[in-house]
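In: Provided below are the primary sequence and the corresponding predicted coordinates.
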Amino acid sequence: MRLHRLEVAAFGPFSGTEEIDFDALSDAGLFLIQGRTGAGKTSILDAVCFALYGQVPGVRNAVKGLRSDHAAPGAGPRVVLETTIRGRRLRVTRSPAWERPKLRGSGTTTEHAKVILEEFERGGWTGLTTRLDEAGDLISRLLGMNAAQFCQVALLPQGEFAGFLRAGADERRKVLERLFATEVFTQVEKWLADRRAATGREAAELAAAASSIADRIAEATGSAAPRGERPAVPAPRRGEQVPEPAADVEVLPAWAAELAGEH
């Protein structure tokens, strides 16, 4: 994922409209978000996460109202994010639910959360969906992570990465498989294990068939049934060590030793 532009309006501590050109910052390779406490550093990351998933990380998501308390009474909160995910240039415009003044009379009325998801194609922006669930599902599938996993892995300053490290092995494996598409290696490993088991069964069946044929031949000719291969060196008795063979002595296989004894 590559961020291009972020625009926030009446969101978090930003009472007006602020814009960040990530493309200009990315020209230097790495960039640092710094500032005094309360300057809005975390809110920038919150805005990115909100644009993608419609929620902010951690306990702040439970806080009702993402609209800035310092914004003008009729100014609606809005986040606009332009990003490229897996080669697709997307623009997400989201607004959280908020209470706006009534157009007539006194009091307020609720503005529900909204989203507009667009894709840049053939020189212009094409609308994909305005449904909250569809937008969230598309972005989750492109990123390969849900909101909780994105906060654990991508938003390191949020402190959620420590939770990822403390998570169980199975949970971490699932996240890493989605991040690095390692499921193909899991499938190859399973295929190799299945092939090994199938080959082992085939070898056992062939060995049993060969043994059966050899027994029938021995019975028909009146000769002794073939014996299984014996180890070249007998197993040591308890408490004894296997002596090392001399440098000029060659240890023969069992069948060669028996053949030599017949002559």
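Out: Perfect, thanks for sending it.

In: for the rest of this, base every contact and every neighbour count on C-alpha atoms.
Out: Will do.

In: where is the longest helix in the chain?
Out: Across the chain, the longest stretch assigned as helix under DSSP state H is helix 183-221.

In: got the buried residues for that helix?
Out: Ser211 (16 or more other Cα atoms under 10 Å).

In: so which elements touch that helix?
Out: Helix 183-221 sits against no helix or strand, with contacts defined as 3 or more Cα pairs under 8 Å, 6 or more residues apart in numbering; DSSP states H and E.

In: please repeat the previous calculation with a cut-off of 10 Å.
Out: Other elements packing on helix 183-221 under the criterion 3 or more Cα pairs under 10 Å, 6 or more residues apart in numbering; DSSP states H and E are helix 169-180.

In: re earlier: pLDDT on the longest helix of the chain, on average?
Out: Helix 183-221 shows a mean pLDDT of 87.

In: so what's the residue count around Gly136?
Out: Gly136: 18 surrounding residues under other Cα atoms under 10 Å.

In: Leu132 now?
Out: By other Cα under 10 Å, neighbour count at Leu132 equals 16.

In: roughly how far does it sit from Leu143?
Out: Distance, Leu132 to Leu143, by Cα to Cα, to the nearest Å: 17 Å.

In: equivalent analysis for Ala9, please.
Out: 25 Å.

In: and those two? Which one has more around it.
Out: Taking other Cα under 10 Å, Ala9 and Leu143 do not tie; Ala9 has more neighbours (22 against 16).

In: in what element of secondary structure is the more buried one found?
Out: Counting by DSSP states H and E, the element that carries Ala9 is strand 2-11.

In: give the next helix or strand downstream of that strand.
Out: With DSSP H and E, the next secondary element past strand 2-11 is strand 14-21.

In: counting contacts, what elements does that following strand pack onto?
Out: Secondary-structure packing of strand 14-21 (3+ Cα pairs under 10 Å, 6+ apart): strand 2-11, helix 41-53, strand 78-85.

In: ranking these by mean pLDDT, which is last?
Out: helix 41-53 (a mean of 89).

In: now it, how far from the chain's geometric center?
Out: Centroid separation for helix 41-53 versus its chain: 21 Å, with Cα atoms, centre = their mean, to the nearest Å.
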